[in-house]
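S.K.: When you get a sec, could you give me coordinates for this:
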Amino acid sequence: MCSSRCCCFVEPLRFAVEALTVFPTIAYRGPLAGAELVVHGIVAALSAAGGLALLNAAPAARAIASAGIVASVLRTLQSLYWSVLPNNTAPGDELLFAVAATFLGAVALVGIRRARTD
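M.R.: Residues are numbered from 1 along each chain as shown. Take a look at the predicted model:
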């Protein structure tokens with residue numbers, strides 16, 4: 001149940017905060033920033049779809065939720081190291097956040113694999 005809540009709410013809320021922060025200055029940031037924001041929105045949608053699939057015990061719930069978790073971890077790594085969008089990461093903390101995101105993603109994947117979908 002916790003994995004489904006995290007999938008449904010955490011990534012979409014993170015995207016909403018990011019989008020609201022970037023929208024006023026998107027014209028100044030260029031097309032690469034717009035493309036990055038669109039990809040982050042797709043990741044948020046995939047994560048929410050995985051969480052809803054887990055909540056509704058859909059047949060493909062584990063696969064969709066796993067894809068959402070992996071996409072979320074990859075999005076985190078991308079935004080730490082190769083982003084044109086603003087972030088609040090202090091210089092030198094990227095590795096710590098990358099390790100934490102990867103670990104939490106692995107824990108979430110284990111939780112999804114053990115989740116009952118009947």
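S.K.: chain center to whichever strand or helix holds residue 14: distance?
M.R.: Element membership of residue 14, judged by DSSP states H and E, is helix 11-22. The chain centre lies 11 Å from the centre of helix 11-22; the measure is C-alpha atoms, centre = their mean, to the nearest Å.
S.K.: quick one: contacts of the very next helix or strand once past that helix?
M.R.: Downstream of helix 11-22, the first helix or strand assigned by DSSP H and E is helix 26-29. For helix 26-29, contacts defined as C-beta atoms under 8 Å, 6 or more residues apart in numbering pick out 22, 33, 34, 37, 84, 85. (Each C-beta comes from the backbone N, C-alpha and C, glycine too.)
S.K.: is it true that the fourth one touches residue 21?
M.R.: Same thing as residue 37. No - counting by C-beta atoms under 8 Å, residue 37 does not reach residue 21; the two are 10.2 Å apart.
S.K.: Of these two, which one has the most company?
M.R.: Neighbour tally, residue 37 and residue 21, criterion other C-beta atoms under 10 Å: the higher count belongs to residue 37, 19 against 13.
S.K.: Could I get the average pLDDT for the helix or strand harbouring that one?
M.R.: Assigned by DSSP H and E, residue 37 falls within helix 31-55. Mean per-residue pLDDT for helix 31-55: 93.
S.K.: Repeat that for stretch 92-110.
M.R.: Stretch 92-110 comes out at a mean pLDDT of 93.
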